[in-house]
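J.: Model the following, please.
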Amino acid sequence: MSVTIYHNPECGTSRNTLAMIRNAGVEPVIIEYLKTPPTRETLVDLINRSGLSVREVIRQKGTPYTDLGLDDPLVTDDQLIDAMLEHPILINRPLVATDHGVRLCRPSEVVLEILPEARTVPFTKEDGEVIIDEHGRRVK
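T.: Residues are numbered from 1 along each chain as shown. The predicted structure follows:
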């Protein structure tokens with residue numbers, strides 16, 4: 001299983017997602033996208049494979065989103081992509097790519113949709129929320 005996570009170690013959701021991947025016995029390729037942003041081609045591919053729109057993948061909170069005028073509905077997808085590449089903090093995280101697809105893992109348990117190996121392995125988030133119990137059952 002090939003797994004790549006576009007990760008921000010400062011983000012709890014990203015840390016939980018990475019922990020779920022590792023808990024399933026998979027060591028992913030970790031790309032700290034703030035230090036090593038994806039290429040335009042890679043970013044567009046991730047967005048397309050995720051099934052989300054560019055606007056759904058752009059991060060607003062704690063970013064220059066509004067200051068850059070990106071909230072204007074006339075801003076095109078290409079312009080949003082340009083902004084995300086120039087200001088990688090605008091890329092929402094974590095994006096995870098596996099052989100089963102790409103997901104924006106917010107909340108972190110969304111990774112279970114594309115990582116079947118993790119679906120029955122007990123896991124508790126760093127805040128204590130149980131996602132998969134000791135019997136391998138999903139807790140909702």
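J.: Distance check, residue 19 against residue 12.
T.: 10 Å (Cβ to Cβ, to the nearest Å). (Glycine included, C-beta is placed from N, CA and C.)
J.: Quick check: neighbours shared by those two?
T.: residue 126 (Cβ atoms under 8 Å, 6 or more residues apart in numbering).
J.: okay, the two: which has more neighbours?
T.: When residue 19 is set against residue 12 and neighbours are counted by other Cβ atoms under 10 Å, the residue ahead is residue 19, at 15 against 12.
J.: Now the residue nearest to residue 11 when sequence neighbours are not counted: phi and psi?
T.: Using Cβ to Cβ, 6 or more residues apart in numbering and skipping residues adjacent in sequence, the residue nearest residue 11 is residue 93, 5.8 Å away. Main-chain dihedrals, residue 93, degrees, to the nearest 10: phi -140, psi 160.
J.: Same question for residue 5.
T.: Residue torsions, per degrees, to the nearest 10, at residue 5 are phi -120, psi 130.
J.: Give the burial count for it, as a bare number.
T.: Applying other Cβ under 10 Å, we find 24 residues neighbouring residue 5.
J.: what's the answer for residue 4, then?
T.: Residues near residue 4, counting by other Cβ under 10 Å: 18.
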